[in-house]
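Student: coords please:
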Amino acid sequence: MALASFDIEAGADLQEVDNAINQAAREVAQRWDFKDTDTVIAWTGDRSGIQVESNSEGRLDAAVDVLKDKFVKRKVSLKVMEVGEPRTTTGSRMRIDVTLVTELPPALGKQIVKDVKATKAKVTPTNMGDRIRVAGKSRDDLQAIQKLVRDNDYEAPLRFTNYK
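Tutor: Take a look at the predicted model:
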């Protein structure tokens, strides 16, 4: 019987993140409490983060809350967001940079491998740097490992990809 496997990666589905950003930007443009604030929610130039801009810190925080709400509705983990500090840009405008977690921290990768090995399930976890591949003969064992990882609630936004 061939080995079945899957990968554990950090990050989120960028298409869902894009959808959440578009929905948040549309809501901010339509809501009356954001009227005349020129609040903008958009990708950064290299798509590694999100910029939220407004003319006051209060509206800036409210826009970030709208973005978080859209992430939750799109089932994107809030752990993927690292919200920076508000800072002043040109004139009286304020900006918050939100970076997206896209890589598995090395220490967390080691911890996940250690936890998987501690289960004594007949699977083989392999740390591949930016992801962990878990392989085994039984799909039931692989599903048990996925449940273990979900239940441990690690500090990074983990997802399961590359099922074989």
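Student: C-alpha only now, for contacts and for neighbours.
Tutor: Noted.
Student: OK, contacts around residue 77?
Tutor: Neighbouring residues of residue 77 by CA atoms under 8 Å, 6 or more residues apart in numbering: 12, 71, 157.
Student: go again with 10 Å.
Tutor: 11, 12, 17, 68, 71, 156, 157, 158, 159 (CA atoms under 10 Å, 6 or more residues apart in numbering).
Student: wait, a strand at the second one?
Tutor: Which is residue 12. No: per DSSP: H, G, I helix; E, B strand; the rest coil, residue 12 lies outside any strand segment and is coil.
Student: which pLDDT value belongs to it?
Tutor: Here, the pLDDT recorded for residue 12 equals 84.
Student: near it, how many other residues are there?
Tutor: Number of residues near residue 12 (other CA atoms under 10 Å) recorded here: 21.
Student: is it in contact with residue 101, as I believe?
Tutor: Yes: in this structure, residue 12 is within contact of residue 101 by CA atoms under 10 Å, at 8.1 Å.
Student: any idea which helix or strand comes after the helix or strand where residue 29 lies?
Tutor: Using DSSP states H and E, residue 29 maps to helix 14-30. Note on helix 14-30: by DSSP H and E, the next helix or strand toward the C-terminus is strand 40-43.
Student: and residue 8, what is it in contact with?
Tutor: By CA under 10 Å, 6+ apart, residue 8 lies in contact with 104, 109, 112, 125, 127-128, 130-134, 146, 149, 158-162.
Student: now, which of these lie within strands?
Tutor: Among those, the members found in strands (DSSP state E) are 125, 127, 131, 132, 133, 134, 158, 159, 160, 161.
Student: buried ones among these?
Tutor: The neighbour count (16 or more other CA atoms under 10 Å) marks 125, 127, 131, 132, 133, 134, 158, 159 as buried among the ones in strands among the contacts of residue 8.
Student: remind me which residues of this structure are low pLDDT?
Tutor: 1-2 (pLDDT under 70).
Student: so what's the spatially closest residue to residue 88 that is not a sequence neighbour bridging to?
Tutor: Spatial nearest neighbour of residue 88, chain neighbours left out: residue 94 (4.5 Å); criterion: CA to CA, 6 or more residues apart in numbering. In this structure, residue 94 bridges to residue 54, residue 88 when assessed by DSSP bridges.
Student: what's the burial count for residue 94?
Tutor: By the measure other CA under 10 Å, the count of residues near residue 94 is 20.
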